[in-house]
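Enquirer: with the sequence up front, the predicted model follows.
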Amino acid sequence: MDYQGRKAQANLGKHLTYHQESCPQATQDVHENTKNRDWTIDNFGYGPMNPDFPNDEFWEQKADIFHTSIEEAKSARCGNCAAFDQTWKVMCCIGKGIGTDEEPYVDPRKVIMKANIGYCQLFKFKCSGERTCDAWVHGGPITDECLPKKKYNQEETDVNSEMGEIIEQLHDASNKHKNQAVRLASLKENM
């Protein structure tokens, strides 16, 4: 049975329980998503509202909570939180909730990529990878990638080689990633 078609089964004594594959409600219902997001803002300091705008007060509060510097607090984002789900299934659900390819005025892929959207497994809402909250957990995001993380205590030549490989991969990706590849290539040349 293929990945999308599988149903999780758990043998509980004499009973067999099936888990239906379905999308989280907040990925399909903007009212549910907004309710959960607003609750997280009020109870766990989800924000900042605009991550591109300097908000010293917001980041000072986060630094105080974690007893750290503002710079270190700014490194703890939803995009690298262990509860930030960007698995294939969840991303399809998010896209389906935004719109479909049949609606020419809606392009869910552009919205998802531009905002770096994922699904918060802790608070059950779609969130931006550039934001954070008081419940941030190290080790994310959740993806379908099964490869172990590489260790980055490598020799400089290994790092340069890997950076070159990443640059080539990014050149084959979206425009956003192409711009990142150009920036990364420039940084590599200045090393």
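Expert: Cool, got the structure.
Enquirer: okay, CA-based contacts and neighbour counts for the rest of this
Expert: Fine.
Enquirer: and the helix or strand containing residue 43, what's its mean pLDDT?
Expert: Here residue 43 sits within helix 30-44, counting by DSSP states H and E. Mean pLDDT, computed over helix 30-44, is 96.
Enquirer: toward the C-terminus, what is the element adjacent to that helix?
Expert: Toward the C-terminus, helix 30-44 is succeeded by helix 56-65 as the next helix or strand (DSSP H and E).
Enquirer: buried sites along the helix holding residue 43?
Expert: Within helix 30-44, the residues scored as buried using 16 or more other CA atoms under 10 Å are 33, 36, 37, 40, 41, 44.
Enquirer: what comes into contact with it?
Expert: Helix 30-44 is contacted from outside by 25-27, 46-47, 123-127, 133-135, using CA atoms under 8 Å, 6 or more residues apart in numbering.
Enquirer: check those residues and tell me the two furthest apart.
Expert: The distance between the two most remote of the contacts of helix 30-44 (CA to CA) is 23.3 Å, for 25 and 134.
Enquirer: re the thing from before, in strands, which of the contacts of helix 30-44 appear?
Expert: Within the contacts of helix 30-44, residues falling in strands by DSSP state E are 125, 126, 127.
Enquirer: so what's the last one up against?
Expert: If you count contacts by CA under 8 Å, 6+ apart, residue 127 has them with 37, 78, 117, 118, 119, 120.
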